[in-house]
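> task: produce atomic coordinates for the following.
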Amino acid sequence: MTTHSKQQRGFTLIEVLVGLIILGVGLLSVAGMQITSIKNCYSSNNMTQATIYAQDKIEYLKNLSYSDSNLSSGQYNEGTISGTIFSRRYNIVEDAGNSMKTITVTVQWTDRSSHTVSFQTIRAK
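Alright, predicted model coming up:
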């Protein structure tokens, strides 16, 4: 004669399914955050590259002599870094007393939207 105990151990099928659903929702949330993180990392990389691209031109222009012909007008050029096209232009404005020049370098690029980074410095005689 066998007796069955009413105290069975383990999980019912419903409990297992509910646990799997909760786990699935959590994993989908993590996957969504990962996609957002990758997009933001790409955008951040482009911002860093644009900043370096602008700083490179500013440093070049600051190291020229005050009367150099490159310090009299702006130029436009493009460069591709990591698959993104950056357009860089600079503008030189001389003050009325001819003792200082204001150098402005602007870099523009487009990934998901249009972005601009601009730097400005003063070059004294």
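
> if you count neighbours, what's buried in stretch 49-64?
49, 50, 53, 54, 57, 58, 61 (16 or more other Cβ atoms under 10 Å). Any C-beta I mention is one placed from the backbone N, CA and C, and that applies to glycine too.

> okay if I get the residues you listed as a markdown table plus secondary structure and distance to residue 88?
Shown next, in a markdown table, are the buried residues of stretch 49-64 (DSSP: H, G, I helix; E, B strand; the rest coil; distance: Cβ to Cβ, whole Å):
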| residue | secondary structure | distance to residue 88 |
| --- | --- | --- |
| 49 | helix | 11 |
| 50 | helix | 9 |
| 53 | helix | 6 |
| 54 | helix | 7 |
| 57 | helix | 6 |
| 58 | helix | 10 |
| 61 | helix | 12 |
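
> of all these, which two lie farthest apart?
Largest separation among the buried residues of stretch 49-64 by Cβ to Cβ: 49 and 61, giving 19.2 Å.

> against which helices or strands is the least confident helix or strand in the chain by mean pLDDT packed?
Scoring the helices and strands of the chain by mean pLDDT, DSSP states H and E places strand 76-81 at the bottom, with a mean of 80. Here strand 76-81 touches helix 13-62, strand 84-94, going by 3 or more Cβ pairs under 8 Å, 6 or more residues apart in numbering; DSSP states H and E.
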